[in-house]
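# Provided below for reference: sequence and predicted model.
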Amino acid sequence: MMQRTGSNGNFCGRTRREFLWQAGGGFTSVALTALLGEDFFRSQVVAADGQTPFANPLAPKKPHRQAKAKSVIFLYMYGGPSHIDTFDYKPGMIGRDNQTIQVKTFGRGGHKNEGRIVEPRWKFHQYGQSGKWVSDLFPRLAQRVDDIAFIHSMTADSPIHGSAMLQMNTGKIQSGSPCLGSWVNYGLGTENGNLPGFVVMLDPRGGPISGAKNWSSGYMPAYYEGTMFRSQGMPILDLARTEGTTRDSQRRLLDSLREYNEEHAALHDHNPALAARIASYELAFKMQASTPEATDLSKESPAVKEMYGLNDKRSAVFGRQCLMARRMVERGVRFIQVYSGGAHNDDNWDAHGDLVRNHELHAGETDRPIAGLIQDLQQRGLFDSTLIVWGGEFGRQPTAEYAMGTGRDHNAYGFTMWLAGGAIKGGISVGTTDELGSKAVDKPFHVKHLHATILYQLGLDPERLTYFYGGLNQKLVGVQGAEPIHEIIS
């Protein structure tokens with residue numbers, strides 16, 4: 001797979017602002033994350049020679065191997081949930097509260113060689129045929145453990161939110177690389193020309209600390225980046241037509257805009273960026289009808305709404321987002337990322353102060369919706385083709401961050417993530433951390449192994465999925481590459 005480049009066009013004397021304002025709907029706010037079907041390109045867009053059809057960069061592509069999953073729902077727990085208080089049971093910590101021990105930690109508070117134990121604040125119980133230990137924070141999700149593969153030995157390179165989030169989303173701690181959803185869009189294209197191939201839903205309390213870099217296409221063209229959807233109101237800002245503009249008049253304005261751009265394209269060499277811009281306006285025109293339908297939950301049954309927790313004020317927001325994610329999977333969207341937690345401090349899972357208040361808030365918001373999502377996908381026959389990923393940028397330390405209180409600092413040395421659906425084995429746990437959960441000791445896996453697993457389940461070879469940039473064939477899994485986590489693959 002090679003890089004696609006091109007130069008930008010103009011509007012033959014009229015300013016972009018004039019045309020976009022007349023076209024109505026504020027189309028520039030719609031990310032260029034999906035294009036029209038091949039019929040549009042065959043009839044409307046050709047290269048500068050007037051004969052060669054423009055190659056739609058998001059046309060559906062064949063995977064490298066038979067795919068086990070068609071789409072991904074990444075449930076991102078922003079801030080770093082505590083693995084030892086959720087799914088990584090550490091009975092050896094019970095009864096040792098406030099003991100000072102020798103343990104190496106590295107987080108926001110810097111390097112430390114000792115700390116005061118904060119034993120888990122919730123009781124653990126065994127569930128399912130697998131006998132998986134789960135804390136009381138997730139009573140409903142605990143009923144689904146036989147559908148889930150837990151990875152208890154994840155590691156990352158940074159204990160700092162911004163860079164750790166970038167690594168979880170892009171594979172690198174530095175800015176400028178395409179995110180996982182962009183790689184999926186690039187490698188597979190989209191099956192629905194009326195909706196974006198990559199959708200992001202943020203927590204209403206705010207976005208992540210490193211911002212839009214977490215759903216950016218980096219050095220790839222902009223049509224591979226994520227499109228942000230809201231869970232309430234109009235899902236995309238400025239998508240509706242401006243007052244007084246009819247669909248027919250908007251159609252005529254778009255046709256005029258396309259004609260100007262096509263005249264300009266005929267005078268220049270092969271210009272895919274200009275063709276992509278034309279298509280983005282057309283996509284926005286189609287999305288005015290398709291997006292409200294895809295995100296309209298009014299036709300869902302009361303039982304489904306109850307399943308996702310929409311009737312509970314605490315879980316309603318995240319429940320709506322999970323239900324919207326299911327509806328988008330049904331409509332062919334490849335990659336959906338849903339954030340739990342936003343902004344700073346206790347608005348997300350970053351439990352530096354009161355661990356109990358923080359985690360009971362966020363687990364309470366997400367437990368029912370996530371369990372409902374798994375159940376709903378199973379009932380609709382979508383579970384095997386939809387890969388669910390759960391986790392944050394890192395975990396939490398077993399010791400207190402401060403002299404007083406229960407707050408835990410960041411832990412990138414060993415933490416838990418889990419996957420379900422998408423031909424992932426259920427009811428298993430892979431890897432371990434030490435007796436306190438401070439670091440991975442058995443089968444440590446890096447973030448890039450998680451990425452390789454996701455690509456592999458989608459039928460993409462992590463080593464063959466490359467993009468030429470900066471003189472190198474860039475890969476999501478980096479120069480050294482990474483094997484999928486075969487232990488969890490069915």
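Happy to help now that I have it.
# CA atoms for contacts and neighbours, from now on please.
Will do.
# buried stuff in the helix or strand encompassing H410?
Taking DSSP states H and E as the criterion, H410 maps to strand 408-411. Across strand 408-411, burial judged by 16 or more other Cα atoms under 10 Å covers R408, D409, H410, N411.
# name the residues of the longest helix anywhere in the chain that come out as buried.
Secondary structure of the chain per DSSP state H: the longest helix is helix 355-379. Neighbour counts over helix 355-379 (16+ other Cα under 10 Å) mark 355-356, 358-359, 361-377 as buried.
# just stretch 127-146 next, same as before
By neighbour count on 16+ other Cα under 10 Å, the buried set for stretch 127-146 is 127, 132-142, 144-146.
# and the residues you listed, which is closest to G381?
Taking Cα to Cα as the measure, R144 is the one of those closest to G381, at 16.3 Å.
# quick one: that closest one from Y186, how far?
33 Å (Cα to Cα, to the nearest Å).
# what do you get for F229?
F229 is 20 Å from Y186, where distance means Cα to Cα.
# tell me which of these two has more neighbours.
Y186 (27 against 21; other Cα atoms under 10 Å).
# and the pLDDT at that one?
For Y186, the model assigns a pLDDT of 95.
# now do the contacts for it.
P57, L58, Y224 (Cα atoms under 8 Å, 6 or more residues apart in numbering).
# most neighbours among the residues you listed, which one is it?
Y224 (31 neighbours).
# pLDDT weak spots in the stretch 351-490 of the chain?
Filtered on pLDDT under 70, the stretch 351-490 of the chain yields no residues whatsoever.
# where do the strands sit along it?
Remark: strands of the stretch 351-490 of the chain, listed N- to C-terminal, are 386-391, 395-400, 408-411, 415-421, 428-430, 432-433, 440-442, 445-446, 466-469, 472-475; assignment by DSSP state E, counting those that start in this stretch.
# show me what the longest helix of the chain is packed against.
On a contact count with 3 or more Cα pairs under 8 Å, 6 or more residues apart in numbering; DSSP states H and E, helix 355-379 meets helix 302-307, helix 316-330.
# low-confidence stretches in the stretch 51-200 of the chain?
51-56.
# quick one: the strands in it?
With DSSP E, counting those that start in this stretch as the criterion, the stretch 51-200 of the chain has strands spanning 71-77, 100-107, 110-116, 124-127, 132-135, 148-155, 198-201.
# so can I have TSV of those strands showing distance to Q480?
Formatted as TSV, the strands of the stretch 51-200 of the chain follow (distance: least, Cα to Cα, whole Å):
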stretch	distance to Q480
strand 71-77	25
strand 100-107	25
strand 110-116	28
strand 124-127	39
strand 132-135	34
strand 148-155	16
strand 198-201	27
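# right, so of those, which gets closest to G459?
Across the strands of the stretch 51-200 of the chain, closest to G459 is strand 71-77 (Cα to Cα), at 10.8 Å.
# quick one: strands adjacent to that closest one?
strand 335-340 (parallel), strand 386-391 (parallel) (DSSP bridges).
# list the contacts of H449.
V477, A482, E483, P484, I485.
# contacting residues around the last one?
I485 is in contact with H449, L450, A452, T453, counting by Cα under 8 Å, 6+ apart.
# do the second one as well
The contact partners of A482, taken as Cα under 8 Å, 6+ apart, are K448, H449, A452, P462.
# run the last query once more with 6 Å
H449 (Cα atoms under 6 Å, 6 or more residues apart in numbering).
# one more: the fourth one?
P484 makes contact with H449, A452, T453 under the criterion Cα under 6 Å, 6+ apart.
# and it, how far from S177?
Counting by Cα to Cα - P484 and S177 are separated by 21 Å.
# how near is K439 to F106?
Applying Cα to Cα to K439 and F106 gives a distance of 11 Å.
# quick one, which of the two is more surrounded?
Here K439 and F106 are set side by side on neighbour count (other Cα under 10 Å), and the busier one is K439, at 26 against 19.
# quick one, phi psi at that one?
Backbone torsions for K439, taken as degrees, to the nearest 10, come to phi -160, psi 160.
# from memory it sits against A412, does it?
No. Using Cα atoms under 6 Å, K439 is not in contact with A412; the gap is 8.0 Å.
# what residues are up against S158?
A164.
# quick one, phi psi at it?
phi -130, psi 140.
# quick one: the nearest residue to L382 once chain neighbours are set aside from R144, how far?
Nearest residue to L382 in three dimensions, chain neighbours excluded: E330, at 7.9 Å (Cα to Cα, 6 or more residues apart in numbering). Noted for E330: a distance of 22 Å to R144, by Cα to Cα.
# so where do the helices sit in the stretch 1-150 of the chain?
16-23, 38-44 (DSSP state H, counting those that start in this stretch).
# the spatially most central residue of the chain pairs with what?
The chain has Q337 as the residue nearest its centroid, 2.8 Å off, counting by Cα atoms, centre = their mean. Counting by DSSP bridges, Q337 is bridged to F74, V200.
# doesn't L202 make contact with it?
No. At 8.3 Å, Q337 does not count as touching L202 under the criterion of Cα under 6 Å.
# what's near enough to touch M228?
V199, V200, M201.
# also V199?
G226, T227, M228, I336.
# redo that, cut-off 8 Å
Applying Cα under 8 Å, 6+ apart, the residues near V199 are G226, T227, M228, F229, V333, F335, I336, Q337.
# which one of those residues is nearest L310?
Using Cα to Cα, these come closest to L310 at F229, 18.0 Å.
# distance of the closest one from Q321?
9 Å.
# so what sits against both of the two?
M201.
# drop anything exposed from the contacts of I485.
For the contacts of I485, buried by 16+ other Cα under 10 Å: H449, L450, A452, T453.
# verify the contact between the last one and E483 for me.
Yes. Under the contact definition of Cα atoms under 8 Å, T453 touches E483, with a separation of 7.5 Å.
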